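*Asks:* Fold the following for me, if possible:
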Amino acid sequence: MAATPYDLRHACLSGWLNAGVPATQVAEWAGHSLQMLLTVYAKCVDGQAEVSRARIAAALEADHG
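*Replies:* Numbers count the residues shown, from 1 in each chain. Have a look, this model is predicted:
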């Protein structure tokens, strides 16, 4: 288990970000400003480049039918 409730919160928010939940949504759910969320949690996000490239490719494909 986590040492403190804050550790659980940190794990939860980090998990949401890594799952691809938009930072704006995570910030709202956490009661943070977007700036605060990214200041604290940006270093926790891992592997989003590949997901982002796939989303861009899918959007471009949809535009060209």
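*Asks:* CA only for contacts and neighbour counts going forward, please
*Replies:* Fine.
*Asks:* Could I get the contacting residues of Gly20?
*Replies:* Residues near Gly20 by C-alpha atoms under 8 Å, 6 or more residues apart in numbering: Gln48.
*Asks:* Quick check: pLDDT value at it.
*Replies:* What the model reports as pLDDT for Gly20 is 83.
*Asks:* For this protein, just list every one of the strands.
*Replies:* Using DSSP state E, the chain contains no strands.
*Asks:* just for it, where's the confidence low?
*Replies:* Applying pLDDT under 70 to the chain flags the ranges 1-2, 65.
*Asks:* Please enumerate the helices of it.
*Replies:* 5-18, 23-30, 34-41, 48-63 (DSSP state H).
*Asks:* Throw the ones you listed into a markdown table and include mean neighbour count, thanks.
*Replies:* A markdown table is the format used below for those (neighbours: other C-alpha atoms under 10 Å):
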| stretch | mean neighbour count |
| --- | --- |
| helix 5-18 | 15 |
| helix 23-30 | 16 |
| helix 34-41 | 14 |
| helix 48-63 | 11 |
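*Asks:* give the contact list for the residue sitting nearest the centre point of the chain.
*Replies:* Nearest residue to the geometric centre of the chain (C-alpha atoms, centre = their mean): Leu17, 2.1 Å. By C-alpha under 8 Å, 6+ apart, Leu17 lies in contact with Ala23, Val26, Val45.
*Asks:* Might you report the residue contacts of the last one?
*Replies:* Put plainly, it is Val45. Ser14, Leu17, Asn18.
*Asks:* Kindly reformat the residues you listed as TSV containing distance to Ala54.
*Replies:* Shown next, in TSV, are the contacts of Val45 (distance: C-alpha to C-alpha, whole Å):
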residue	distance to Ala54
Ser14	21
Leu17	17
Asn18	15
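*Asks:* wait, isn't Thr24 in contact with Leu34?
*Replies:* Yes. If you go by C-alpha atoms under 8 Å, Thr24 and Leu34 touch, sitting 6.0 Å apart.
*Asks:* thinking again about what came up before, can I get the contacts of Leu17 in a markdown table including distance to Ala62?
*Replies:* Listed next are these as a markdown table, based on distance: C-alpha to C-alpha, whole Å:
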| residue | distance to Ala62 |
| --- | --- |
| Ala23 | 24 |
| Val26 | 27 |
| Val45 | 27 |
